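1. the sequence and its predicted three-dimensional model are supplied below.
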Amino acid sequence: MTIQTPLRPGTTKTGSIRSVDADRTAGRRGGNANWPVTVVLVLCALSILVPLYVTLTMAFKTTSQAVDGNAFSLPAPFSVDGFVQAWELTDFPRAFGVSVLVAAITVVGTILLASFTAFAIARNWDRRLFRWSFFYLLAAMFLPFPVLALSQVKLTGLAHLDNPFGVALLHVMFQLSFSVLLFTAFLRSIPAELEESARIDGASTGQVFWRLVFPLLAPMSATVGIFAFLASWNDFVMPSLITSDPALQTLPVLQQMFQTQFSNNYNVSFASYLMAMAPAIIVYLVTQRWVMAGVTQGAIK
């Protein structure tokens, strides 16, 4: 004996079954929500958003408002005096230009050297020399700059590279291992038949790389470039130890040098912080889709 449930007015039997299945699927999805993970993600988001909110509000306050002990209150009225004073105290245009120069050299140098190296390793993986060279580069990832700081300071001084160019060169070297790893994983997803067809048409190795392979590396090049930019722009230890001339220091180092001048002017301090981290935030927000696209494409295969 079968029992037939009555259909709602205006619906067919097929439509009713589909609606019931959809309701069951939605119920299962709602009931299987991973609340512990959701709570952890919310807390992680708040750990970033709350300090950012405090930075924004404090930067636009007057000096009297900044020291009233209420960091979460909105500025009333809004003031840009903190930005004006921070601009003058830190000589922001010059420091910004030095930071941009170091970041640009780091990004371009990392992309070029890492792509060259990864192409040679990926296409000669069967040869022991290239395979062990890859493992050697991976091992360098376990050697952070503070461990090698003394030797690097000595070497850059002897080579007269105790300046922003030396800092950029060291950034490229320390970014090379991770970047080669990303490029190598991505190159393995590119069919070798494309290169073979280009060689049959008479293309040399250089032409194959520049005209065929390098354009296909655009998503991963964007990813590597973003990581290199963020690492260079936010670095404090390396330029503070390598650069001997205080007038050629990057923004993070210059901010620390002028902290004594800020004294209790918290609005000036937070304004300088906001000006320094704004380019990195903007670059990441604009290019974050390429970061995810490059990492996932390189990891799938």
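-> It's in. Numbers count the residues shown, from 1 in each chain.

2. please, where are all the strands along the stretch 1-150 of the chain?
-> Applying DSSP state E, counting those that start in this stretch to the stretch 1-150 of the chain gives no strands.

3. what residues are up against residue 245?
-> Contact partners of residue 245, counting by C-beta atoms under 8 Å, 6 or more residues apart in numbering, are residue 163. All C-beta atoms are positioned from the backbone trio N, CA, C, and that covers glycine.

4. separation between it and residue 117?
-> Using C-beta to C-beta, to the nearest Å, one obtains 32 Å as the distance from residue 245 to residue 117.

5. same check on residue 66?
-> As judged by C-beta to C-beta, residue 66 and residue 117 stand 49 Å apart.

6. and residue 274, by the same measure?
-> Residue 274 sits at a distance of 37 Å from residue 117 (criterion: C-beta to C-beta).

7. for the nearest residue to residue 195 once chain neighbours are set aside, give its distance to residue 201.
-> Of all residues not flanking residue 195 in the chain, residue 208 sits nearest, at 5.2 Å (C-beta to C-beta, 6 or more residues apart in numbering). Separation of residue 208 from residue 201 (C-beta to C-beta): 10 Å.

8. more crowded one of those two?
-> Taking other C-beta atoms under 10 Å, residue 208 and residue 201 do not tie; residue 208 has more neighbours (20 against 9).

9. show the pLDDT at that one.
-> Turning to residue 208, the model gives it a pLDDT of 89.

10. quick one: it from residue 120, how far?
-> With distances taken as C-beta to C-beta, residue 208 is found 12 Å from residue 120.

11. secondary structure element for residue 244, which one?
-> Counting by DSSP states H and E, there is no helix or strand that carries residue 244.

12. let me know whether it touches residue 164 as I believe.
-> No - using C-beta atoms under 8 Å, residue 244 makes no contact with residue 164, being 10.9 Å away.

13. state the distance from the residue nearest in space to the middle of the chain to residue 258.
-> Among the residues of the chain, the one closest to the centroid is residue 227, at 3.7 Å (C-alpha atoms, centre = their mean). Taking C-beta to C-beta as the criterion, residue 227 is separated from residue 258 by 29 Å.

14. and for residue 181?
-> For residue 181, the distance to residue 258 - C-beta to C-beta - is 38 Å.

15. before we move on, back to that, is the residue nearest to the centre of the chain in a helix, a strand, or coil?
-> Assigned with DSSP: H, G, I helix; E, B strand; the rest coil, residue 227 falls in the helix class.

16. tell me the pLDDT of it.
-> Looking at residue 227, its pLDDT reads 89.

17. following whatever helix or strand residue 170 lives in, which helix or strand shows up next?
-> For residue 170, the host element (DSSP H and E) is helix 164-187. Using DSSP H and E, the helix or strand that follows helix 164-187 in sequence is helix 192-200.

18. show me which residues of that next one are buried.
-> Using 16 or more other C-beta atoms under 10 Å as the burial criterion, the residues of helix 192-200 that qualify are 195, 198.

19. then stretch 96-112?
-> Burial within stretch 96-112, assessed by neighbour count using 16+ other C-beta under 10 Å, is assigned to 96, 98-99, 101-103, 105-107, 109-111.

20. over to stretch 129-141?
-> Residues 133-134, 137 are the ones in stretch 129-141 that count as buried (16+ other C-beta under 10 Å).

21. okay, now the unreliable bits of the stretch 201-301 of the chain?
-> For the stretch 201-301 of the chain, residues meeting the criterion pLDDT under 70 lie at 259-264, 290-301.

22. try it again at 50.
-> The stretch 201-301 of the chain contains residues with pLDDT under 50 at 298-301.

23. how about the helices in it?
-> Along the stretch 201-301 of the chain, counting by DSSP state H, counting those that start in this stretch, helices occupy 205-208, 214-216, 218-233, 237-242, 251-257, 259-262, 266-300.

24. tabulate those helices (JSON lines), appending distance to residue 177.
-> JSON lines is the format used below for the helices of the stretch 201-301 of the chain (distance: least, C-beta to C-beta, whole Å):
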{"stretch": "helix 205-208", "distance to residue 177": "24"}
{"stretch": "helix 214-216", "distance to residue 177": "20"}
{"stretch": "helix 218-233", "distance to residue 177": "12"}
{"stretch": "helix 237-242", "distance to residue 177": "16"}
{"stretch": "helix 251-257", "distance to residue 177": "23"}
{"stretch": "helix 259-262", "distance to residue 177": "33"}
{"stretch": "helix 266-300", "distance to residue 177": "15"}
